[in-house]
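[1] Quick one, what's the 3D model for this:
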Amino acid sequence: MLDLKLIRSRPDDVRRALEAKGETGADLNRLLEIDQIWRAKLARVEELRAERNRRSQEVARRRKVGEEAGDLIEETRRLSGEQGDLENEIKELKTELDRLHEWIPNLPHASVPIGPAETANQEIRRWGDFSFPQGRQPHWKIGPELGLFDLDIAAKISGAGFTLFTGAGARLERALINFLLDWHTKRHGYTEIAPPLMVRRESAFGTGQLPKLEEDMYASEKDGLFLIPTAEVPLTNIYREEVLAASRLPIYLTAYTSCFRREAGAYGRDTRGLVRVHQFGKVELVKFVKPETSYDELEKLVQNAEAVLQALELPYRVVVLGSGDLSFAAAKCYDLELWAPAEERWLEISSCSNFEDFQARRAGIRYRGEDGKVHFVHTLNGSGVALPRLLVALLEVHQTASGEVKIPASLQPYMDGLEILTPVQ
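    Take a look at the predicted model:
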């Protein structure tokens, strides 16, 4: 959530940010109008309160010396009634102001390329060997041949957009989970968390999923709970409404969870295979840091995600997102995209974002600095990484001409030394 003082003092900057992000749900003009009316009525209430106090003191003085005070008492009652009416109006105005405020997105950082949708995205670097022979099978074909997953049975159980991992596929997924968690905890210093998979509305609001993305979330309306779209939500809310000691920062957390998204806009070839599904596993990385370090921490976060892709010998590129492709809450974001050689396309495998103090303001996450003052933390998160598209790349990149798939050396210890996946006879 943006600081309301910033919105008042820099409305043109906020207006440009709305345009740059392509946000149509926010009504900045109405917010500024309501804010002005609200503050004027607050000021009037303070005037009335001061005037009532003066009159009350005068009434007490007159009574003490035996003078008549009926006119002042009547005037005080009138002022009290006016104050009560104004306070009711102020409550209604504040409710509308809050509703308008929560739809204002975060401002893009000055280094973010400005442009609509993906046209302003800029490739920063590539890693790996991108020379592949022709004739590789797509993951959705070779996966079942290797006995790794069965999408038809998953559809019978739950409908389209779900995956049933079987045999070596279930084992491979478990191996990847352990590999990723070990890498981030042992090499990068993250603390592992096993959070709940359902969260309250306040938690989803704190990270910026609500209200904007409510239609994409699975909800249990009876219980007022939402299935998490990413572990970012429960991890960030661990410190909701808390004031941390400065000595505790930075805090690095990681978690493996299942994630749930409706993916309402999915269509075409993305509905085939593992590229776009409603339930998927992901290892998430979340940071709580001091504001002055947050952009250095963002670069380190990207490097943390890159490290596991390099260890798995998967070619990828790093892209800085343009303003039109930024999420509602992000000030800056890098995407890591794996190359799927059989389908000849890039697949986003990780988004690493700096939210600055946007989420912290919504969730009330602060720290007490060395100066004794309370400040909002900066929060960051990134995928470290998502499993379905990681499996897609593993199957297509490490595929052999004979239809087998080599297991990268770094992953073999998690597969009891198994070096290659072979077709099921």
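[2] buried residues in the top helix by length along the chain?
    Counting by DSSP state H, the longest helix found in the chain is helix 28-65. Buried residues in helix 28-65, counted by 16 or more other Cβ atoms under 10 Å: 28, 31-32, 34-35, 38, 41, 45, 48, 52, 55, 59, 62. All C-beta spots, glycine's among them, are computed from the backbone N, C-alpha and C.
[3] Report all helices and strands that the helix or strand following it contacts.
    Note on helix 28-65: by DSSP states H and E, the next helix or strand toward the C-terminus is helix 70-101. Taking 3 or more Cβ pairs under 8 Å, 6 or more residues apart in numbering; DSSP states H and E as contact, the helices and strands that helix 70-101 lies on are helix 28-65.
[4] by contact count, what packs against the helix it packs on?
    Other helices and strands packing on helix 28-65, by 3+ Cβ pairs under 8 Å, 6+ apart, are helix 4-9, helix 11-21, helix 70-101.
[5] gap between the longest one and the chain center?
    Relative to its chain's centre, helix 70-101 lies at 38 Å (Cα atoms, centre = their mean, to the nearest Å).
[6] who does whichever helix or strand comes after it pair up with?
    Later in the chain than helix 70-101, the nearest helix or strand by DSSP H and E is strand 122-127. If you go by DSSP bridges, strand 122-127 pairs up with strand 316-320 (antiparallel).
[7] And for the partner strand, what's in contact with it?
    When contacts are taken as Cβ atoms under 8 Å, 6 or more residues apart in numbering, the neighbours of strand 316-320 outside the stretch itself are 111-113, 121-128, 302, 306, 309, 332-339, 346, 349.
[8] circling back to that earlier point, of all the buried residues of helix 28-65, which comes closest to F132?
    Nearest to F132 out of the buried residues of helix 28-65 is L28 (Cβ to Cβ; 48.4 Å).
[9] That closest one and A17 touch, don't they?
    No. The pair L28 / A17 is not scored as a contact, 9.6 Å apart, by Cβ atoms under 8 Å.
[10] and stretch 131-149, which residues are buried?
    Buried residues in stretch 131-149, defined by neighbour count with 16+ other Cβ under 10 Å: 136, 138-140, 142-144, 146-149.
[11] so which pair among those residues is furthest apart in space?
    Taking Cβ to Cβ, no two of the buried residues of stretch 131-149 sit farther apart than R136 and G147, at 18.8 Å.
[12] residue ranges for the helices of the stretch 301-425 of the chain, please.
    358-363, 387-397 (DSSP state H, counting those that start in this stretch).
[13] angle of the longest helix of the chain against helix 11-21?
    Between the axes of helix 28-65 and helix 11-21, defined by axes from the mean of the first three to the mean of the last three Cα atoms, to 10 degrees, the angle is 140 degrees.
[14] From the chain's centroid, how far away is helix 28-65?
    41 Å.
[15] Check stretch 276-291 too.
    Distance of stretch 276-291 from its chain centroid, counting by Cα atoms, centre = their mean, is 8 Å.
[16] Tell me the secondary structure at T257.
    The three-state assignment at T257 reads strand, by DSSP: H, G, I helix; E, B strand; the rest coil.
[17] Wait, it touches G281, no?
    Yes. With contact taken as Cβ under 8 Å, T257 and G281 are classed as touching, separated by 7.4 Å.
[18] okay, now V424: neighbour count?
    Each residue near V424 was counted by other Cβ atoms under 10 Å, and the total is 12.
[19] ok, now which ones touch it?
    Shown in contact with V424 (Cβ under 8 Å, 6+ apart): 145-147, 167.
[20] Now do the same contact list for the closest residue to F132 other than its chain neighbours.
    Take F132 and drop its neighbours on the chain: the residue closest to it by Cβ to Cβ, 6 or more residues apart in numbering is P341, 4.0 Å away. For P341, the residues meeting the contact criterion (Cβ under 8 Å, 6+ apart) are 132, 136, 396-397.
[21] for Q209, same thing?
    When contacts are counted by Cβ under 8 Å, 6+ apart, Q209 touches 217, 226, 229, 233.
[22] ok, now E337?
    Residues in contact with E337 (Cβ under 8 Å, 6+ apart) are 316-319, 346-349.
[23] and it, bridged to which residues?
    Beta bridges link E337 to R317, E348 when assigned by DSSP bridges.
[24] number of nearby residues for N178?
    For N178, the tally of surrounding residues (other Cβ under 10 Å) stands at 15.
[25] Which secondary structure state does it sit in?
    Secondary structure state of N178, per three-state DSSP, is helix.
[26] And for it, nearest residue in space, chain neighbours not counted?
    Counting by Cβ to Cβ, 6+ apart, N178 lies nearest to Y414, which is 5.4 Å off, once chain neighbours are set aside.
[27] residue ranges of the helices in the stretch 101-250 of the chain, please?
    With DSSP H, counting those that start in this stretch as the criterion, the stretch 101-250 of the chain has helices spanning 139-145, 151-158, 168-182, 201-207, 232-236.
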